[in-house]
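Asks: Give me the fold of what follows.
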Amino acid sequence: MDSTCEETLQEPGANGHKPVLLKEVVRLLNPSKSQTYLDCTFGGGGHTRAILESADCKVVAIDRDPAAAARAEKFKAEFGDRFEFYPVRFSQLDKLQTKGYAGILFDFGVSSFQLDDASRGFSFMRNGPIDMRMNNSEGPTALQFIRSIDEFELTKILREYGEERRAKKIAHRIKEVDGHISTTAELASAIAEAAPSHEKTHPATRAFQAIRIALNGELDEIESALPKAFDILSEGGIMAAISFHSLEDRITKRFFKKVCGLPQGNFDRTCAQDRVKLAELLTRKPITPSEDELRDNPRSRSSKLRAVRKD
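Replies: Numbers count the residues shown, from 1 in each chain. Okay, here's the model as predicted:
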């Protein structure tokens, strides 16, 4: 899923749907003939298409968004048996029958398609219902979720998932008005009233991120998916992940270091002899967008790409 986690005061849809770090992903995965690759966030199919066009290979793609499933039908018609799609979430990777992938890609966060569709409620730049569900056919909407929790829990969500230093003020204001608002613009306005800002980033950005992450259980999904994906990766296979949020990147970084037999952080006191090296770290530092890509696609600005090769 071609993702973003920030919204600035510019019009977000101006640049359309563009897969992030596309050349870097293809270079890392290095698709080859007769091999099978797994795209865990199909979205608009940008990365999938690049892989399929790079070699006579096969791609299995998943996405829990029903809209992505509809787009996948066009890929099936175009690429035939070289493409398969399954409407499952990250945590259901163990349900896939195919194993031994030569490469696996994650692209975390929310897609441009979702952001630019006002009816999905992900963006306050396009006024719509307060929905934010990755799968808008199941579960409570973001507005229902907000109304179901108390101010303390909302403060905790804003602080932990949005890293919002004004969490208490924002949560208090949201709970004051949650019975009287129904649109993303109204929610963003309430947040801006509680925590005005003169920065380029809209004052509601972090709060929207936090609510969306909590509603969809996104971090739990990532925690569950990474080891499952590594299990179905073939020896010598490449596993790559693009993150846009510091919490997503932190989970990825720690998991990749763990499978590479490296300390997971400054406070990791695991004895060296207890660490098991199962992979080689291909990115000592995350790969970030080039200046050309940043000019062409501002939504890529916070993206980070990390990768490992399985031993």
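
Asks: and the residue positioned nearest the centre of the chain, how far is that from L28?
Replies: Centroid-nearest residue in the chain: F108, 1.6 Å away (criterion: Cα atoms, centre = their mean). According to Cβ to Cβ, to the nearest Å, F108 stands 16 Å off from L28. C-beta coordinates here come from the backbone N, C-alpha and C atoms, glycine included.

Asks: Likewise for R147?
Replies: 43 Å.

Asks: okay, the two: which has more neighbours?
Replies: When R147 and L28 are compared for neighbours, L28 comes out ahead with 21 against 14, by other Cβ atoms under 10 Å.

Asks: what secondary structure does that one sit in?
Replies: helix (DSSP: H, G, I helix; E, B strand; the rest coil).

Asks: which other helices and strands contact the helix or strand hosting I211?
Replies: Using DSSP states H and E, I211 maps to helix 205-216. If contacts are counted by 3 or more Cβ pairs under 8 Å, 6 or more residues apart in numbering; DSSP states H and E, helix 205-216 sits against helix 142-148, helix 151-162, helix 184-194.

Asks: List the residues that contact the residue nearest to the centre of the chain.
Replies: M1, S3, T41, E218, I222, A241, I242, S243, F244, H245, E248 (Cβ atoms under 8 Å, 6 or more residues apart in numbering).

Asks: again, 7 Å this time
Replies: By Cβ atoms under 7 Å, 6 or more residues apart in numbering, the contact set of F108 is S3, I222, A241, I242, S243, F244, E248.

Asks: and the nearest residue to L93 once chain neighbours are set aside, how many neighbours does it have?
Replies: Excluding the flanking residues, the one nearest L93 by Cβ to Cβ, 6 or more residues apart in numbering is K228, at 4.2 Å. By the criterion of other Cβ under 10 Å, K228 has 17 neighbours.

Asks: and if you look at E153?
Replies: E153: 13 neighbours (other Cβ under 10 Å).

Asks: Can you show me the helices along the stretch 1-150 of the chain?
Replies: 22-29, 46-54, 66-79, 112-116, 142-148 (DSSP state H, counting those that start in this stretch).

Asks: Report the angle between the host helix or strand of L305 and helix 22-29.
Replies: Per DSSP H and E, L305 falls inside strand 304-310. Inter-element angle recorded for strand 304-310 and helix 22-29: 10 degrees (by axes from the mean of the first three to the mean of the last three Cα atoms, to 10 degrees).

Asks: From the contact counts, what lies against strand 304-310?
Replies: helix 22-29, strand 233-243, helix 246-259, strand 279-281 (3 or more Cβ pairs under 7 Å, 6 or more residues apart in numbering; DSSP states H and E).

Asks: Packing partners of the one helix or strand L219 maps to?
Replies: Element membership for L219, per DSSP H and E: helix 218-231. Under the contact criterion of 3+ Cβ pairs under 7 Å, 6+ apart, helix 218-231 touches helix 246-259.

Asks: any idea of the angle the helix it packs on forms with strand 304-310?
Replies: Going by the same axes, to 10 degrees, helix 246-259 makes 20 degrees with strand 304-310.

Asks: what packs against helix 246-259?
Replies: Helix 246-259 packs on helix 218-231, strand 233-243, strand 304-310, going by 3+ Cβ pairs under 7 Å, 6+ apart.

Asks: who's in contact with the last one?
Replies: Outside of strand 304-310, the residues that reach it under the criterion Cβ under 7 Å, 6+ apart are 21, 24-25, 28, 230, 233, 235-243, 249, 252-253, 256, 259-260, 278-283, 286-288.
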